[in-house]
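Asks: Here's a sequence, model it:
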Amino acid sequence: MSRRTGAQALGRRQFLRCSAGAAIAAVWGNGATLAADAQGEQREHLPRLTHPPATQPVAAPSLVADVRTDLVLDGPQIHAKALLGMIDRCVQLATRHTRSTEAWSSLLKPDDVVGIKFDPVGAESLATTEVFAEQLVSLIERAAIPRERIVLIDAPAGLDRTLKTQPRVYGWLDQESAFGTGAERLAAVLEQVTAVVNVAFLKTDNLTGISGALKNISVPFLRRQLPYLRDGGVPSIPQIIALPAIRTKLRIHMVNALRAVFDRGPDVHPDFVWELGGVLASVDPVALDQVGTDLLNERRDEAELPAIGNRDGHVSHVQAAAAAGLGTNDQDYIRILRPETD
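Replies: Residues are numbered from 1 along each chain as shown. Below is the predicted model of the structure:
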């Protein structure tokens with residue numbers, strides 16, 4: 001099964017989709033716009049905590065952009081220009097805008113200090129973070145936010161100097177923040193930035209099932225992390241994300257799926273690295289992780305490995321986040337935008 005064919009067979013139930021041709025026209029057409037949804041509703045860039053649980057999903061589907069091309073990877077090399085276009089298209093699709101500057105302006109304010117949160121686990125082995133960061137910083141800078149107002153969080157050492165971004169503030173806040181299952185000191189960088197762009201990897205996780213968008217913007221901001229990864233991260237991961245210091249700053253969630261890890265994650269074992277050549281994005285981290293779960297399970301099925309999650313394809317902390325109102329994991333209320341790019 002080819003990489004693209006396998007990816008296009010997503011889900012156990014029928015996903016709501018936008019056709020590839022319509023998706024491309026929405027982004028690159030002459031003034032064409034992507035329909036918001038069947039009701040014409042516009043979804044705010046910040047997922048509300050007041051959304052009903054997954055058993056009573058919102059009427060408007062969450063959009064997940066999934067852009068891939070076989071041109072972006074050439075062995076160990078990454079085609080930077082192709083990646084720039086992939087990230088740009090993803091953000092436009094996820095925000096329902098036809099121009100890059102409009103897309104970013106809908107997410108960020110000119111006076112924002114923008115934190116880009118990466119996943120450091122396995123970054124050296126996957127070797128995609130540096131080039132991804134370079135393209136993302138370039139796109140945000142084009143949207144009139146200078147790189148001096150961009151902070152790289154958990155990026156490879158020295159990358160801030162290379163890209164001339166604002167140095168990160170390290171350390172922990174003095175006061176603990178309580179979140180239901182515990183109380184911990186949060187990372188001081190949360191007071192440095194006013195907006196967060198979340199960039200996760202697509203990996204399995206031996207503790208939480210999937211290491212994706214939700215995990216990347218929750219426990220890494222705590223001084224102590226391990227206690228909150230027990231029981232699959234339930235209920236801690238959704239509770240942490242619900243903290244105002246985190247939730248109010250979340251703008252868009254992306255998955256760097258140029259290379260993914262489909263088994264024995266979150267660490268990287270070469271035998272289980274999958275060259276997917278993709279970038280995903282959504283303003284709904286729950287929907288994004290649900291799509292990621294299905295992608296991983298399709299690759300695991302090809303490798304004759306058992307699926308992660310329960311028999312319905314739901315990972316516990318993703319399901320808990322949906323129940324907490326952080327987004328939806330109901331496949332009938334997720335619309336995947338997957339334009340052809342090859």
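
Asks: Enumerate the positions of the top helix by length along the chain that are buried.
Replies: Across the chain, the helix with the greatest residue count (assigned by DSSP state H) is helix 285-302. Within helix 285-302, the residues that qualify as buried are 285-300, counting by 16 or more other Cβ atoms under 10 Å. Any C-beta I mention is one placed from the backbone N, CA and C, and that applies to glycine too.

Asks: Now do it, average pLDDT.
Replies: Averaging pLDDT along helix 285-302 yields 98.

Asks: How about residues contacting the helix or strand just after that helix?
Replies: Downstream of helix 285-302, the next assigned helix or strand under DSSP states H and E is helix 316-323. Contacts to helix 316-323, defined as Cβ atoms under 8 Å, 6 or more residues apart in numbering, come from residues 53-55, 208-210, 212, 214-215, 231-235, 237-238, 241, 285-286, 289-290, 293, 309-310, 327-330.

Asks: All the strands of this protein, in order from the start?
Replies: 16-18, 62-68, 73-74, 77-78, 114-117, 150-153, 172-178, 183-187, 195-205, 209-211, 250-261, 273-274, 278-282, 334-337 (DSSP state E).

Asks: Paired strands for the third one, with orientation please.
Replies: Taking DSSP bridges as the criterion, strand 73-74 sits next to strand 77-78 (antiparallel) in its sheet.

Asks: ok, residues contacting the partner strand?
Replies: Contacts of strand 77-78 (Cβ under 8 Å, 6+ apart): 72, 128, 131, 258.

Asks: tally of neighbours for the second one?
Replies: Residue crowding around residue 128 was assessed by other Cβ atoms under 10 Å; the count is 18.

Asks: same question, the third one
Replies: Per other Cβ under 10 Å, the neighbour tally for residue 131 reads 18.

Asks: Please pick the buried ones from the contacts of helix 316-323.
Replies: Buried among the contacts of helix 316-323 by 16+ other Cβ under 10 Å: 54, 208-210, 212, 214-215, 232-235, 237-238, 241, 285-286, 289-290, 293, 309, 327-330.

Asks: what number of residues lie near the spatially closest residue to residue 200 that is not a sequence neighbour?
Replies: Once flanking residues are discounted, residue 200 sits nearest to residue 216: 4.0 Å by Cβ to Cβ, 6 or more residues apart in numbering. For residue 216, the count of nearby residues is 26 (other Cβ under 10 Å).

Asks: can you check residue 74 too?
Replies: 10.

Asks: measure it to residue 277 for me?
Replies: 10 Å (Cβ to Cβ, to the nearest Å).

Asks: One more: residue 317?
Replies: The separation that residue 317 has from residue 277, given Cβ to Cβ, amounts to 27 Å.

Asks: try residue 97
Replies: 24 Å.

Asks: I'd guessed residue 160 sits against residue 153; true?
Replies: No - checked against Cβ atoms under 8 Å, the pair residue 160 and residue 153 is beyond contact range at 9.9 Å.

Asks: okay, and the common contacts of these two?
Replies: residue 168.

Asks: neighbour count winner among these two?
Replies: Neighbour count, other Cβ under 10 Å: between residue 160 and residue 153, residue 153 has more, with 25 against 20.

Asks: Could I get the contacting residues of the more buried one?
Replies: 115-118, 168, 189, 193, 196.

Asks: If you rank those by neighbours, which is first?
Replies: residue 117 (27 neighbours).

Asks: How about that residue: what's its closest non-neighbour residue?
Replies: residue 153 (4.5 Å).

Asks: next one: residue 155
Replies: residue 118 (5.0 Å).

Asks: For residue 98, see how far away that neighbour is.
Replies: For residue 118, the distance to residue 98 - Cβ to Cβ - is 28 Å.
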